[in-house]
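**Student:** need a 3D model of the sequence below.
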Amino acid sequence: MSSDVNQEATVKWHSICAVQEIPQLGARTVRTGVMEVALFRLSDDRIMAVDNQCPHQQGPLAEGIVSGATVICPLHARKINLQSGAVLPPDSGRVNTYPVKVENGQVLLRL
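**Tutor:** Residues are numbered from 1 along each chain as shown. As a prediction, this is how the structure comes out:
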């Protein structure tokens with residue numbers, strides 16, 4: 001058995017909600033201990049997860065506007081790529097991203 005298979009067997013996925021509970025082109029937040037994660041549902045129904053704080057001044061990203069695979073921070077309009085977590089130029093910075101998968105219509109998050 002490969003180490004990748006062993007690692008996958010020990011990975012803990014957390015069931016968060018049904019896909020339909022996240023509005024298309026919208027977000028839902030989930031608190032995990034001391035941090036808050038924003039789950040975004042894109043127009044093609046992919047789900048992306050990032051920290052719910054813009055690296056600039058901790059704006060609540062879940063309240064931002066989703067466009068393609070980016071979210072625009074509601075405080076100062078910084079654009080963040082939801083796949084990589086990178087703030088798009090001309091600004092800079094990064095947020096953490098988290099693996100997400102959908103099984104049987106349920107959103108699962110790995111922290």
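
**Student:** nearest residue to residue 107 in space, please, no chain neighbours.
**Tutor:** Spatial nearest neighbour of residue 107, excluding adjacent residues (C-beta to C-beta, 6 or more residues apart in numbering): residue 16 at 4.7 Å. Bear in mind the C-beta positions are built from the backbone N, C-alpha and C, glycine included.

**Student:** for that neighbour, what is the enclosing helix or strand?
**Tutor:** Under the criterion of DSSP states H and E, residue 16 resides in strand 13-18.

**Student:** in this protein, which spans are helices?
**Tutor:** For the chain, the helices defined by DSSP state H occupy 3-10.

**Student:** that one: strands as residue ranges?
**Tutor:** Counting by DSSP state E, residue ranges of the strands within the chain are 13-18, 26-32, 35-41, 47-51, 65-67, 70-72, 79-81, 97-98, 100-103, 106-110.

**Student:** which neighbouring elements make contact with the fourth one?
**Tutor:** In terms of contacts (3 or more C-beta pairs under 8 Å, 6 or more residues apart in numbering; DSSP states H and E), strand 47-51 is packed against strand 35-41, strand 97-98, strand 100-103.

**Student:** partner strands of the strand holding residue 16, parallel or antiparallel?
**Tutor:** In the sheet, strand 13-18 lines up against strand 106-110 (antiparallel) (DSSP bridges).

**Student:** in the partner strand, which residues are buried?
**Tutor:** 107, 108, 109 (16 or more other C-beta atoms under 10 Å).

**Student:** any idea of the pLDDT on the residue nearest to residue 35 when sequence neighbours are not counted?
**Tutor:** Spatial nearest neighbour of residue 35, chain neighbours left out: residue 51 (6.5 Å); criterion: C-beta to C-beta, 6+ apart. Here the pLDDT value assigned to residue 51 is 97.

**Student:** give me the beta-bridge partners of residue 51?
**Tutor:** Counting by DSSP bridges, the residues bridging with residue 51 are residue 37.
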